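Q: have a look; sequence and predicted model below, questions after that.
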Amino acid sequence: MSIRRPVAIGIVAVVAATSAAACSSSKSSGSGSAGPKETLTIAEWTNPGAVDYTKALDAQFEKAHPNVKINFQNTSTANGAWGQLSNSLLQSKSVDVLAQFAPTQKAFPPSFTNIKPGGPAALIEAGQLVDLKDQPFMKNYDMTAQQSAIGYNGGVYGVMAAEYAGAGAIWYKKDLLAKYNMTVPTTFTEFLADCAKLKAAGKTPIFLAGKVGMQGGIWQGIENQTLMAGKQPADSTQVSSDRANAFWNGTQNWNNQAYKDIGAKYQQVMQYIEPAAAGVDQQTAPGLWAVKSDDYPFLLDGSWDSSTILKANPKLNVGLFVLPGTDNAADNRVPVKPDLTWVVPTSAPHKDLAMEWLTMFSDPANYQNWLKATGSMSTEPSVSNSGTSWMDWLNQHTSDSFVQLTTPWIPQGASNDAAGPDYYKLAPIGSDSLDTILNRSASAYTKSIGK
């Protein structure tokens, strides 16, 4: 889930001082030079915390590089606006540092599928992104995670700077749970029991933005924990690959029993959502939830919305946990979604400056402020999320988190149903039964691969 919000927040704390290495490699960056200014273009989609942090870092970079002016551009992801902006910048060969959604290994299907990569994966395959693997700043990052997020044929074509708890992530009001003597549930049965108790007390347990399909997070959270049960966190990429092969070979499909069981649990949870959730938009959901401190104990939303929530109600005592999708507490771990990834196009007019900017961004002190501003989980092993009060539960469960599973390979042009259940049409948001939804998806998937 990567929907971003336009709600304004306060500027992040002053960016940490730039390391000496960040100021030494560009011929144009000397503080005493008096030549014409060069323009470094940086672009990302609109996420309030990320945008404000990037602007603060840009100002610090300009101060260290008097002959550089940063042209920062951003727009929302709604209605294809971000795709239009990023494509335009790439076509004009004017962008130096560009945000992309981490493609992950799903974006590079095996050759036997005859599926051509799209998005950033297509740029990588076409040689249009710079391999950053040997850049000094990459030593700050977990290279296994970077390879999984944006690796290809031994190269690493970006810096995966943000990863979020999204699948099944639930914000909760600590004081409201304490009022009813509740702690964070560890099993699916416990979670349902808590929802039932809250509903009996006159509360509406779960708020979510059904207008944009956020209810899918419930399904995805349960699915991830169910399919990863008994596996090691490092196995998640292989589990995704094995599932994709099984779908392709016809030994699995969306109407198998596993998905019927997952769907049944999904519908049990959905009986506790806000009755008008189908009309709630994601642009306003976090703020509406935050200001209603005496109701809606839970909000289904990703960790990326921390800034919006805390801005809407700074006094609200909140935390975040992940819906426990099974009745074995040990299997209820945190699925983590690779997200914002900085790339440098091979057509970038100022590659040296782009590397200097990424060096400054990657400085651990600066990166710590990025985490605070965005709600991201750290991708730098030396930098933790400690000190952020709402992340207390998440910090305790980071060590056994895993990269969330990806869906089976789908040929370009396949119907949306082929990719899995349609949460808009599935009851109670929609009117279709679980069997109808799963059979439709199974049929669409089979048709999409020509089998």
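A: Perfect, I can see it now. Residues are numbered from 1 along each chain as shown.
Q: so who does residue 422 touch?
A: Residues counted as contacts of residue 422 (Cβ atoms under 8 Å, 6 or more residues apart in numbering) are 416, 430, 432, 437, 440, 441. Every C-beta, even on glycine, is put in place using the N, C-alpha and C of the backbone.
Q: same deal with residue 240?
A: 105, 106, 405, 406.
Q: could you list the domains of the chain?
A: Domain assignment for the chain by automatic domain parsing gives 20-163+337-385, 165-336+403-415.
Q: strands of the stretch 151-300 of the chain, residue ranges please.
A: Secondary structure of the stretch 151-300 of the chain (DSSP state E, counting those that start in this stretch): strands at 151-152, 155-156, 159-160, 163-165, 169-173, 206-207, 298-300.
Q: and the contacts of residue 240, which two are the farthest apart?
A: Greatest spatial distance in the contacts of residue 240: 105 and 405, 11.4 Å, computed using Cβ to Cβ.
Q: low-confidence regions, the stretch 101-250 of the chain specifically.
A: Counting by pLDDT under 70, the stretch 101-250 of the chain shows no low-confidence range.
Q: quick one: the helices in it, in order.
A: Along the stretch 101-250 of the chain, the segments classed as helices by DSSP state H, counting those that start in this stretch run 119-125, 143-150, 174-179, 188-200, 216-227, 236-249.
Q: residue 266: which of the ones you listed is closest?
A: Ranking those by distance to residue 266, with Cβ to Cβ as the measure, places helix 216-227 first at 4.7 Å.
Q: quick one: contacts of that closest one?
A: Here helix 216-227 makes contact (Cβ under 8 Å, 6+ apart) with 1, 166-169, 188, 208, 239, 243, 258-259, 261-263, 265-266, 269-270, 300-302, 322-326, 331-333, 335, 402, 404-405, 421, 423.
Q: go again using 7 Å as the cut-off
A: Helix 216-227 has contacts (Cβ atoms under 7 Å, 6 or more residues apart in numbering) with 1, 166-169, 239, 258, 262, 265-266, 269-270, 300, 322-323, 325-326, 331-333, 335, 404-405, 421, 423.
Q: which of the residues you listed count as buried?
A: Taking 16 or more other Cβ atoms under 10 Å as the criterion, what is buried in the contacts of helix 216-227 is 1, 166-169, 239, 262, 265-266, 269-270, 300, 322-323, 325-326, 331-333, 335, 404-405, 421, 423.
Q: max-length helix in the protein?
A: Among the segments of the chain that qualify as a helix by DSSP state H, the longest is helix 48-64.
Q: for the very next helix or strand once past it, name the packing helices and strands.
A: Per DSSP states H and E, the first helix or strand lying C-terminal to helix 48-64 is strand 68-75. If contacts are counted by 3 or more Cβ pairs under 7 Å, 6 or more residues apart in numbering; DSSP states H and E, strand 68-75 sits against strand 38-45, helix 48-64, helix 81-91.
Q: okay, these in TSV with mean neighbour count and distance to residue 193 next?
A: Converted to TSV, these look like this (neighbours: other Cβ atoms under 10 Å; distance: least, Cβ to Cβ, whole Å):
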stretch	mean neighbour count	distance to residue 193
strand 38-45	21	39
helix 48-64	20	34
helix 81-91	16	41
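Q: indicate which one of these is closest to residue 284.
A: It is, among those and with distance given as Cβ to Cβ, helix 48-64, at 13.5 Å.
Q: ok, now which ones touch residue 362?
A: For residue 362, the contact set (Cβ under 7 Å, 6+ apart) comprises 137, 140, 159.
Q: now residue 41
A: Listed by Cβ under 7 Å, 6+ apart, the contact set of residue 41 reads 71, 73, 89, 94, 95, 96.
Q: out of those, flag the one nearest to residue 306.
A: Closest approach between those and residue 306, by Cβ to Cβ: residue 73, at 24.0 Å.
Q: beta partners of that closest one?
A: Residue 73 has these beta-bridge partners by DSSP bridges: residue 43.
Q: look at it and report its pLDDT.
A: If you check residue 73, the pLDDT there is 97.
Q: what does residue 415 give?
A: So residue 415 comes in at 94 (pLDDT).
Q: just give me the neighbour total for the closest residue to it other than its chain neighbours.
A: Closest residue to residue 415 apart from its sequence neighbours, by Cβ to Cβ, 6 or more residues apart in numbering: residue 444 at 4.9 Å. Number of residues near residue 444 (other Cβ atoms under 10 Å) recorded here: 19.
Q: I'd assumed residue 420 was in contact with residue 444.
A: No - using Cβ atoms under 7 Å as the test, residue 444 is too far from residue 420 to be in contact (9.6 Å).
Q: any shared contact partners between residue 105 and residue 405?
A: Common neighbours of residue 105 and residue 405 (criterion: Cβ under 7 Å, 6+ apart): none identified.
Q: may I have the distance across stretch 101-113, first residue to last?
A: For stretch 101-113, the first and last residues are 23 Å from each other (Cα to Cα, to the nearest Å).
Q: what's in contact with it?
A: Under Cβ under 7 Å, 6+ apart, the answer for stretch 101-113 is 2, 115, 117, 119-121, 148-150, 152, 160, 237, 240, 248, 338-339, 341, 406, 409.
Q: coming back round to it: make TSV from the helices of the stretch 101-250 of the chain and add distance to residue 382 to it.
A: Below are those laid out as TSV (distance: least, Cβ to Cβ, whole Å):
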stretch	distance to residue 382
helix 119-125	27
helix 143-150	13
helix 174-179	29
helix 188-200	34
helix 216-227	27
helix 236-249	23
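Q: ok, now how distant is the spatially closest residue to residue 271 that is not a sequence neighbour from residue 272?
A: Spatially, and ignoring its direct neighbours in sequence, residue 271 is nearest to residue 428 (7.3 Å; Cβ to Cβ, 6+ apart). Noted for residue 428: a distance of 11 Å to residue 272, by Cβ to Cβ, to the nearest Å.
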